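[1] A structural model of the following input is requested.
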Amino acid sequence: MRAFFERRAAWIAAACALAGGLLTMTAHPVGVFYDDAIYLLVAKAIAEGHGYVYAFLPGSPPAIHYPPLWPVILAAAWKVTPAFPGNIAWFLFINPLLVGICAGATVVFGRRVLGLPTWLAFFVAVLATVSVPVLVLTNVLLSEPLFLALLFPTLLVTERFAREGGVRWAVAAAAMAALIVLGRTIAGVIVVATVMVLVLDKRWRDVAIYTLVVVVLLGPWQYFVWKSSPGFPEVLKGSYGPYLDWVADGYREGGLPFLRDVLVKNLYSAWLMTSFFISPLIRGPVRELLTAGTLSLFLAGLVLFWTRRRLRITALATVGYAGVVLAWPFQVERFVWAVWPLLLLITVTAAYDLVNGLRTEARPRVSVAVLVLAVTLGAGHIAYNIRGLARGYAESAARDMSGRSMVLVQYINADTRLHGKLIATEVAPMVALYTGQTVVPVEMLTTREHIERKTDAENVETVRRIDAAYRPDAYVLLPQGAHLRALLQTGLDSTRGLREVTPVGVPVRSFLTNRP
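    Numbers count the residues shown, from 1 in each chain. Next comes the predicted model:
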């Protein structure tokens, strides 16, 4: 039995992760996370021959907000089963499969690269992937599971290239890096880390080959974004335009005070999330000490990766990833969950190395203390996941948001006066997905709202700009919300003939306009 487990551990871990994803799969509508609806709408446009565009927006502007790999995969699935929404189950099967690949790759990386015992690599793989943070991402059509599936294979090939060099491994590492960047742009930290390590070692030939291949493979996508950006509708750039430009504009306007506010917000969120994940049943100073111990082990792991284990690219890329995430004006949680298996693997490897190293150095008491800390943290995270899965944490966000959003879809589909009209609405991508209508959003993401809530004046200005640019035929909004207040304060009732047509007892507010 032990020999069988040693041979098949990666496959068993993959099966566990796949089973976890399938067993927690939900029936909630796609699109409540905003990004997932856009991915699927772009995939639909590709599958139906419209190209890489936002076909649900007026004028079908180019889809330059997200890199293309995940929409292309979804487009292939759409081609196989084009009947929406009956094909949703087919789409939702993809992410559990990708997380299963991640679990198997985690075992391989832990054993072959880190030298961990098979049982420990297996434990980390299953704990990391059959966990609430990863299952939240698995249950919706976000690109994070694709990133997870590519992460360890990319690091494995890249670290081997760093050790052995040569044209073959340079091309392989560059190809893997380009592929994962086309899945999630933030993976570019792997490219930067690889080049930095090669430059430190003065391996100029490897630098040239690796960089050339990466540029050739990423060039077409970057050229598409560069060419499409100047003509992209200004009013839509916040949520649909290039997000690097969006972040750069935020920092140009806010400067160093904005950076300070973002760092404080994200550091606090990361600390709070970590404390809850590793000690859900403990409160007070003990929880804070355990959180500090977790972060200390993680930092020790990065140092060990750089020094003792010679995994310099992995260490440097992780530091770069953390730096980008902490300075990015968006929810830090999703970025952390997208690398959860790597973070656990670094932390567990640090504990394993420290326990063995301290024991060898005849420091048994310190060794036991580290072991007790590691076991306590592991038990805490297991307790969190058991409680979280029992309480439905993995589907809670989708469940809560879908209930609020689907009333818009149901109303628009039921009201024949709205069919064929240009509709301005909340959760516009989800509405477009389930109604087939051309829509425009009434909300637009800003960098500042990561720090503080938008004012009514800002929401009014957004609605005015959208109305001036697209002259929608109708507004359909949730009652008693910020966007309804903004619409009522714009004065469009006098300038555009805005009139309410909401039937009695309907949980939305509907308005028609004189379009000219």
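
[2] for this structure, give me the ranges with low pLDDT.
    Applying pLDDT under 70 to the chain flags residues 362, 394-403, 515-516.

[3] need the strands for it, in chain order.
    423-425, 439-441, 474-477, 499-500, 509-512 (DSSP state E).

[4] nearest to residue 462, of those strands?
    Residue 462 sits nearest to strand 439-441 of all the strands of the chain, at 8.6 Å, using Cβ to Cβ. Just so you know, the C-beta spots here come from the backbone N, C-alpha and C atoms, and that holds for glycine as well.

[5] partner strands of that closest one and their direction?
    strand 423-425 (parallel) (DSSP bridges).

[6] before we move on, the earlier item: mind putting the strands of the chain into JSON lines with mean neighbour count and distance to residue 384?
    As requested, these are exported to JSON lines (neighbours: other Cβ atoms under 10 Å; distance: least, Cβ to Cβ, whole Å):
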{"stretch": "strand 423-425", "mean neighbour count": "26", "distance to residue 384": "37"}
{"stretch": "strand 439-441", "mean neighbour count": "25", "distance to residue 384": "36"}
{"stretch": "strand 474-477", "mean neighbour count": "25", "distance to residue 384": "37"}
{"stretch": "strand 499-500", "mean neighbour count": "11", "distance to residue 384": "47"}
{"stretch": "strand 509-512", "mean neighbour count": "21", "distance to residue 384": "40"}
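
[7] closest to residue 171 out of those?
    With Cβ to Cβ as the measure, strand 439-441 is the member of the strands of the chain nearest residue 171 (42.2 Å).

[8] hmm, who's touching the closest one?
    Contacts with strand 439-441, where a contact means Cβ atoms under 8 Å, 6 or more residues apart in numbering, come from 56-58, 236, 239, 422-426, 428, 431-432, 466, 470, 472.

[9] so which of these sit within helices?
    Among the contacts of strand 439-441, the ones falling in helices (DSSP state H) are 239, 428, 431, 432, 466, 470.

[10] neighbours of the last one, just the number please.
    Here the number of neighbours of residue 470 (other Cβ atoms under 10 Å) works out to 20.

[11] what's the nearest residue to it if we skip its chain neighbours?
    residue 440 (4.9 Å; Cβ to Cβ, 6 or more residues apart in numbering).

[12] for the one you found, list each beta-bridge partner.
    residue 424.

[13] before we move on, back to that, closest one of the ones in helices among the contacts of strand 439-441 to residue 159?
    Distance to residue 159, by Cβ to Cβ, is smallest for residue 239 among the ones in helices among the contacts of strand 439-441, at 37.0 Å.

[14] how near is the closest one to residue 440?
    Per Cβ to Cβ, to the nearest Å, residue 239 is found 11 Å from residue 440.

[15] show me what contacts the spatially most central residue of the chain?
    The chain has residue 144 as the residue nearest its centroid, 4.6 Å off, counting by Cα atoms, centre = their mean. Contact partners of residue 144, counting by Cβ under 8 Å, 6+ apart, are 137, 184, 334, 337, 338.

[16] tally up the residues packed near the third one, please.
    Residue 334 is surrounded by 16 other residues when neighbours are defined as other Cβ under 10 Å.

[17] before we move on, what about the second one?
    Other residues within reach of residue 184, judged by other Cβ under 10 Å, total 22.

[18] look up phi and psi at it.
    Main-chain dihedrals, residue 184, degrees, to the nearest 10: phi -150, psi 120.

[19] contacts only, for the spatially closest residue to residue 150 that is not a sequence neighbour.
    Nearest residue to residue 150, sequence neighbours excluded (Cβ to Cβ, 6+ apart): residue 180, at 4.3 Å. Going by Cβ under 8 Å, 6+ apart, residue 180 touches 147, 150, 151, 154, 187, 190.

[20] once you drop chain neighbours, what's closest to residue 22?
    residue 96 (5.2 Å).

[21] how near is that neighbour to residue 135?
    Using Cβ to Cβ, residue 96 is found at 9 Å from residue 135.

[22] overlap in contacts of the two?
    20, 21.

[23] higher neighbour count, those two?
    Between residue 96 and residue 135, counted using other Cβ under 10 Å, residue 135 has the larger neighbour count: 27 against 23.

[24] I figured that one hits residue 20, correct?
    Yes. At 6.5 Å, residue 135 counts as touching residue 20 under the criterion of Cβ atoms under 8 Å.
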